[in-house]
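> predicted structure and sequence below. I'll ask about it afterward.
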Amino acid sequence: MRNLVLVLGDQLDLNSAAFSGFDASHDLVWMAEVQEEATHVWCHQLRLAGFFSAMRHFRNELRSKNIHVSYHELTSDQAKDCGSDFRSLLRQQVD
């Protein structure tokens, strides 16, 4: 991996500067649905559903363009929602 591009839920744009010079054969996108998005500030559940849906659609769009995306979905099991996916990804790149 040459570059790891972190895409947040409010940055769902292929024309973003983060993708400037992006090479799908060497670069990776990492996205995550995070608990804090749902709890930091009160918001309606429909807003959250729309927000996470937009993220998943963008993930699918990237994958349809053969861009490798590591995507962490929010689950009801908090043990799985603490960044373990990101840590394992970094470990793979170091080994």
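Cool, got the structure. Numbers count the residues shown, from 1 in each chain.

> and the closest residue to residue 52 other than its chain neighbours, what is it in contact with?
Nearest residue to residue 52 in three dimensions, chain neighbours excluded: residue 33, at 5.3 Å (Cβ to Cβ, 6 or more residues apart in numbering). C-beta coordinates here come from the backbone N, C-alpha and C atoms, glycine included. Taking Cβ atoms under 8 Å, 6 or more residues apart in numbering as the definition of contact, the neighbours of residue 33 are 9, 52, 55, 72, 73, 74.

> okay if I get these as JSON lines plus neighbour count?
Output for those, formatted as JSON lines (neighbours: other Cβ atoms under 10 Å):
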{"residue": "9", "neighbour count": "15"}
{"residue": "52", "neighbour count": "16"}
{"residue": "55", "neighbour count": "23"}
{"residue": "72", "neighbour count": "18"}
{"residue": "73", "neighbour count": "14"}
{"residue": "74", "neighbour count": "17"}
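
> now those in CSV, with pLDDT, distance to residue 44 and secondary structure?
CSV is the format used below for the contacts of residue 33 (pLDDT from 0 to 100; distance: Cβ to Cβ, whole Å; DSSP: H, G, I helix; E, B strand; the rest coil):
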residue, pLDDT, distance to residue 44, secondary structure
9, 87, 16, coil
52, 91, 13, helix
55, 95, 17, helix
72, 88, 23, strand
73, 86, 20, coil
74, 82, 16, coil
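
> many thanks, I have nothing further to ask.
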